[in-house]
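Fold the following for me, if possible:
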Amino acid sequence: MTLTFDAFQPGQEFGAHALTLDRPLFAAWSALFPHDPATDTMPQGMTAPVFMRAYAALLQPRPPGNVHGAQRFEIIRLPRLGETLTTRIACAGKERKGERRWVTLEGVTTGAGGAPAFLSRMTVLWAA
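Numbering: from 1, shown residues only. Okay, the predicted model is just below:
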């Protein structure tokens, strides 16, 4: 059954998604962004793909036609190569503006020993 706007409840948690920062992942990033320095620290720009992988895995099935409205990150620390990151996503709120249905999601990404790495907030125009 498709995840609809009516199903979202503020405070509702959607679970956790794990991702290990391994060399192939860093190499793929470097191929796309060769000007980012090649270090053992995750580039700041990778916060978005880490969150989006969790979003894609946890919020299923989504209706076709959702529109990504806004996204914001607060970096606490940059994780290192070899760390397994766990991203938890919850509904922060939802509202109707006319015919439009807006859903706000919050993510908390932790790494080694549960240490916080970054916080995410995304607003989506929900299609159904």
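
Report the buried residues of the longest strand along the chain.
Criterion DSSP state E: the longest strand present in the chain is strand 84-97. Neighbour counts over strand 84-97 (16 or more other Cβ atoms under 10 Å) mark 85, 86, 87, 88, 89, 90, 91, 92, 94 as buried. Heads up, the C-betas are built off the backbone N, CA and C, glycines and all.

again with stretch 33-47
For stretch 33-47, the neighbour count (16+ other Cβ under 10 Å) marks 42, 46, 47 as buried.

what do you get for stretch 105-121?
Neighbour-count burial for stretch 105-121 [16+ other Cβ under 10 Å]: 105, 107, 108, 109, 110, 111, 117, 118, 119, 120.

Run the chain-centre distance for it.
9 Å (Cα atoms, centre = their mean, to the nearest Å).

Between the two ends of it, how far is it?
With Cα to Cα, to the nearest Å as the measure, stretch 105-121 spans 6 Å from end to end.

What of stretch 108-117?
Termini of stretch 108-117 sit 8 Å apart (Cα to Cα).

what sits up against that stretch?
For stretch 108-117, the external contacting residues (Cβ atoms under 8 Å, 6 or more residues apart in numbering) are 47, 50-51, 54, 75-80, 83-88, 118-120.

The longest strand of the chain - contacts with which helices or strands?
For strand 84-97, the elements it packs on are strand 13-20, helix 47-58, strand 100-110, strand 116-126, judged by 3 or more Cβ pairs under 8 Å, 6 or more residues apart in numbering; DSSP states H and E.

Most widely separated two among the buried residues of stretch 105-121?
The distance between the two most remote of the buried residues of stretch 105-121 (Cβ to Cβ) is 20.1 Å, for 105 and 111.
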